[in-house]
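>>> Attaching a predicted model along with its sequence, questions to come.
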Amino acid sequence: MNGLKIYIGLFSVIAGTLFPAQAIMAQHPGQINFRHISTREGLSQSTGNEILQDSKGYIWIGTQDGLNKYNGYEIKIYRHKQNDSTSIGSNDISALFEDSKQQLWIGTQGGGLNRYDPEKDSFVTIKELPDHLDKSKGLSDNTVFSISEDDYGNLWLATNSGINIKAAEADTFQYVFSDPGDPNTISDNYIETLFKDSRGIMWIGTEHGLNRYLPNKDIFERIEQIPLDDKIYTITEDRQGDIWIGTDNNGLYKYDYTRDTFSQYLRKRDDSGSVPVNSVFSIIEDSRGVLWIGTESNGLMVFDRQNNRFYQYLNNYADPTSLSNDAVYSLYESQDQILWIGTYTGGINLVDRKVPQVQHFQHNPSDPKSLSSNFVQAFAEDQEGNLWVGTDGAGLNLFDRNTQSFEIFLHDPNNPNSIANNSILEMVSDKRGNVWIGSYNGGATRYNVASNTYTHYKYDPEEGGISQNHIYAMMVDRKNRVWVGTNGEGVDTLSAGGNRFAAFGTDSVRVSGGAINIGYVRSLFEDLEGNIWIGTYGSGIVKFDPSTEKFNAYNTYNSNISNNVILSIHQDHKNRLWIGTKGGGLNHYIPEADTFRVYNENVGMPSATIYGILEDDSGNLWVSTGEGVRRFNPDRKTVQAFGSQDGFQEGEFLVGAAFKDKEGYFYFGGINGFNRFYPDSIKVDSTVHPIVFTDFKLFNRSVKIGGDSPLKKHISEAESITLSYQSSVFTFEYATLNFNEQKSNRYSYKMDGFDEEWTDIGEQRSATYTNLDPGEYTFRVKAYNSDNVISEHEASVDIIITPPFWETFWFYLIVGGVIAAAGFSVYRYRVRSIRERNIELERKVEKRTSELDKRNNELKQTLEDLETTRHELIEKAHKAGMADIATGVLHNVGNILNSVNTSAALIEDRLDKSKIKNLEKANDLLRQQLHDIESFIVDNPKGKQLLQYYLKLEEPLKEEQKNITELSKRLSGKIDLIKDVISAQQNYAMTSANSEEHTLSEIVDEAFMLNAGSSERHSIQVLKNYQSFAPIICQKTKLIHVLVNIFNNAKEAMSKNHRNDKVLKINLTEDDSRVYLSIEDNGHGITEKNLNKIFNQGFTTKKRGHGFGLHSSANYIQEMGGKIKVESDGEGKGARFIMSFKRADVD
């Protein structure tokens, strides 16, 4: 090529990895940006001695001054505290290990072995014991450098004084020491590291050489291939089963089990690919098969085993994303494929090792083989399949997709056979092998790839041609005509095979209603019908129909398009036209109605700039915006957001920098390079990190564990918490154990028993509740990842809030007992008064009529029976736990006895005013005159009057007899009613608590009988409609309790009704499987807000109610296999309780 060319080979990728198709790159991560955690982020000290992730997902970091527990958001620090045996034994952490029982063990320098208790959030320390105690229960030395576990569950501890082996099921130890005279013992007592390989062999690194324990022979073996005078710092095993050993002075060793050979890797001064230093502190092979080596002072190394060379990463003070310190003490890879690097005084470094779904190409100033600029404006693919990338200010890049390399073409002012300007704004290719390049102030350039020749089209005021040198939009139509859009001078076209551009009209076009300025063009598009669409900056969009040569303009003044700045146009496979605007979101043109439908925040699309639009093979639209990339499904109207957490560049994309190549890969350019991806490879992230409780607070203060605290275990381990009703403000804090740089987790929580719906609170990691009523609740929280995938396991804890003593069952029982005793005393007084009055009535009636004497005798017997029944009733009601029913019965009987008193008083009054007294006087006078009765009647005036009196006495006596008879019948009816109520209660009291077969109509009648006196007193009209007599299975006592409760509630609900407007309807129906009971009143009704709460414990609308009646009724119905619900049309429209039970006569 004759143009100026700069050849650039390999590329750089942000976050440091490529697609796995390049096998060689699996061994070399390339450029890495390191994230850092230091004391600024809360680390206790800046030297990372040890790193481990436990089975719950927490990251533990051991430093020289404290142990750190990291949840991805906050760091909790554990330090030794004087006189606190539950604190960690020492602040200098030298070992971390989680055993097969998921117990976390911590080795310290000088503080012995520590076991973490997650429930108490504390430690149990095991140390060296004094001589007077059993030494086998302690360590041989209080410094533990390394911990491992053998196949039998025994813990192996590396100490300053030999190996300590803790028994799996006991706190006893065996000790292994060196014996210089015995080659089958370890080579030194100063043990640096322990490692058990996949074959069950324990490798032991000491201050003087390498050893291994062979369990099948029960012997220790000294490895003589490594000098015994060298210190062994680290041992690990790779996926091939090879053992890697890091030494202090002799570099790196690899043991090949298959060949039983050792290979050594030493520093070579004349070989830049050799180990840079001979002191190796740490080794790990990650999940992608890359071997990482930490050195004492020469940074982090990666070993490329295919090419047998090492790559080095060092600290660069000028680069904040470089390794923080060149002394690497520890290496660890967490479950989410993040590499953790502990350094000396440099804190922790993190590298994300997950395979990216999206490639991100950027300019790297330190790599001459990278993209020429981060400002990517345009893409084009020529007929040979070469991909061209245009940048703003750094020329043209040819991207080789096989080698992932770039070749750069720059403007040479001394060579006309080069690009016209380095600021490239737009590119397209034609069918003749040309790439058309539109630049800023460089006009249009036709570059023929095959001949490597450039033809320039620039503005010339004398010769004419192209209208302006600022080209912002380009298009090649189906006739191979080239269209260019300028920044102020409209559109120019070049016919196929032509040599000169011609202006397409002027900078304004005539449309119906006037002229539209199309001088500032940002997009050009040809639809399937051959129409040309011109997107302008400020004048909306213009449609040109070549067949009629007419223009139609659409802007915010004459249509409902959302914005007049048009940046991108696309027609999908269903011929739908989509327009991207600046600030107005995405617009869909509907030709049938000649209108637009706008998609913005109404579907989750940002109502901002749509820079580019691409369509995948599934019909989804991918749009680049000022807020990342969105995938929009036009049929389902769903939007999926993608951002930096998915591998896309941060910052905004650029206008028109959206392209789909022949292989189906998408390209989006922006101010931070460009992204390349295959849309079908972008899968919904199903990874949802575990969610844990991190803190529990009362009145905004963290709650301590144990003692009088309501928190008996650490909140992350607690199953339930019991709080006093006085703990009116409490807070849960929680987090997902997510260690990615971009987390984007959302949370939802719900308090079962209080919240009806889940509360979505975004990224907030706390929930506070105030003034919850006493009761039992369950707090639940779940997490969603950035792709809105919900966690499989939610965190939950039961909350029990105890009531004040005056709301407890025992308090209600005592108060109820006092009330019952008082009521019973009143009752006894009333019975005694009634008995005395009845005796008096009996004496008077006995003198006058035998009929009244009989009634009085019956009343006396009834009252005696009532006294006997009263004792039986109270005893049986108490045994059945239904003292409230018994009290109600006594109340009803009392009401009936009031009526009896009234009837008896009326009879007494009638007798006091009876004509019988006058009859007695007349009879006495008549007896006195019996000796001369005939003369007395004929001659004596009194005799004549007496005869007249007798004749007139017949009618008054008949009337008196009639009245007394009626009163007697009423009295008899009341007595019979008392008998019926008592009989119903006796039957109820004797009823078994077990489920038995009953007829629902009989139970309803008995329950109503218990309430009969109250119903009559309150003038309640009861309408019964029994259409079912099928048997059911139920517990009669509990069902009567339910019915009496509902009757009482109905009575109270109708209390404000007119006396003649109280109606209670009882309906019994059935179907093939169930019997239905409906109890309906015409009382004050139930509001819609209270309908769903009516059966909740503690809910009541009564001033003195406690909300237990209907709650217990609902529980009883459910226990009997029945169902209960309530209906109401609102306030003032009554209520209807509907119960249903399974028929006993149906299988």
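Yep, it's here. Computed from a prediction, not measured in an experiment: that's the story for all the values here.
>>> Can you name the residues that contact D382?
By C-beta atoms under 8 Å, 6 or more residues apart in numbering, the residues touching D382 are W388, S429, G433, N434, V435, V449. C-beta here means a position set from N, CA and C on the backbone, and glycine is covered the same way.
>>> In contact with the first one, which residues?
W388 sits next to F379, A380, E381, D382, L396, N397, L398, F399, M427, V435 when contact means C-beta under 8 Å, 6+ apart.
>>> Return the distance of the first one relative to F399.
Taking C-beta to C-beta, to the nearest Å as the measure, F379 and F399 are separated by 9 Å.
>>> Also V1004?
To F399, V1004 is 86 Å away according to C-beta to C-beta.
>>> go on, K127?
The span separating K127 from F399 equals 63 Å under the rule C-beta to C-beta.
>>> Domains in the protein, by residue range?
Residue ranges for the domains of the chain, per automatic domain parsing: 691-803, 809-989, 994-1142.
>>> Would you single out the least confident of those?
Mean pLDDT is lowest for domain 809-989 among these, at a mean of 62.
>>> Output the contacts of W388 as a markdown table; include the columns distance to K712.
As requested, the contacts of W388 are exported to a markdown table (distance: C-beta to C-beta, whole Å):
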| residue | distance to K712 |
| --- | --- |
| F379 | 63 |
| A380 | 68 |
| E381 | 67 |
| D382 | 72 |
| L396 | 69 |
| N397 | 64 |
| L398 | 68 |
| F399 | 62 |
| M427 | 69 |
| V435 | 73 |
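>>> Please indicate which of those residues are buried?
Taking 16 or more other C-beta atoms under 10 Å as the criterion, what is buried in those is F379, A380, E381, D382, L396, N397, L398, F399, M427, V435.
>>> what helix or strand is the spatially most central residue of the chain on?
Nearest residue to the geometric centre of the chain (C-alpha atoms, centre = their mean): K782, 2.1 Å. Assigned by DSSP states H and E, K782 falls within strand 775-784.
>>> which other helices and strands contact that strand?
The contact analysis (3 or more C-beta pairs under 8 Å, 6 or more residues apart in numbering; DSSP states H and E) places strand 775-784 against strand 691-698, strand 729-736, strand 746-752, strand 795-802.
>>> Can you spell out which helices and strands pack onto the second one?
Just to be clear, that refers to strand 729-736. Applying 3+ C-beta pairs under 8 Å, 6+ apart, one finds that strand 729-736 contacts strand 691-698, strand 766-770, strand 775-784.
>>> Could you point out which of those strands sits nearest D594?
Ranking these by proximity to D594 (C-beta to C-beta) places strand 775-784 first, at 41.3 Å.
>>> quick one, the closest one and strand 766-770 angle?
Orientation note: strand 775-784 sits at an angle of 160 degrees relative to strand 766-770 (axes from the mean of the first three to the mean of the last three C-alpha atoms, to 10 degrees).
>>> quick one: buried residues of strand 775-784?
For strand 775-784, using 16+ other C-beta under 10 Å, the buried residues are G775, Y777, F779, R780, V781, K782, A783, Y784.
>>> quick check, nearest of these to S297?
When the buried residues of strand 775-784 are compared for distance to S297 (C-beta to C-beta), A783 comes out closest, at 42.0 Å.
>>> That closest one and V789 touch, don't they?
No - using C-beta atoms under 8 Å, A783 makes no contact with V789, being 9.4 Å away.
>>> what residues are shared contacts of these two?
With C-beta under 8 Å, 6+ apart as the test, A783 and V789 both reach V688.
>>> how much space between the closest residue to V781 other than its chain neighbours and P690?
Leaving aside its sequence neighbours, V781 sits nearest to Y749 (C-beta to C-beta, 6 or more residues apart in numbering; 4.2 Å). Relative to P690, Y749 is positioned 16 Å away (C-beta to C-beta).
>>> More neighbours: which of the two?
A direct count of neighbours by other C-beta atoms under 10 Å for Y749 and P690 places Y749 higher, at 22 against 19.
>>> Any idea what that one is bridged to?
Per DSSP bridges, the residues bridged to Y749 are T759, V781.
>>> check contacts around it.
By C-beta under 8 Å, 6+ apart, the neighbours of Y749 are F732, W758, T759, I761, A767, F779, R780, V781, K782.
>>> I figured D527 was touching D572, is that so?
No - taking contacts as C-beta under 8 Å, D527 lies outside contact range of D572: 10.9 Å.
>>> Determine the residues that are contacts of both of those two.
Joint contacts of D527 and D572 (C-beta under 8 Å, 6+ apart) do not exist.
>>> May I have the phi/psi pair for E592?
Main-chain torsions, E592, degrees, to the nearest 10: phi -60, psi -40.
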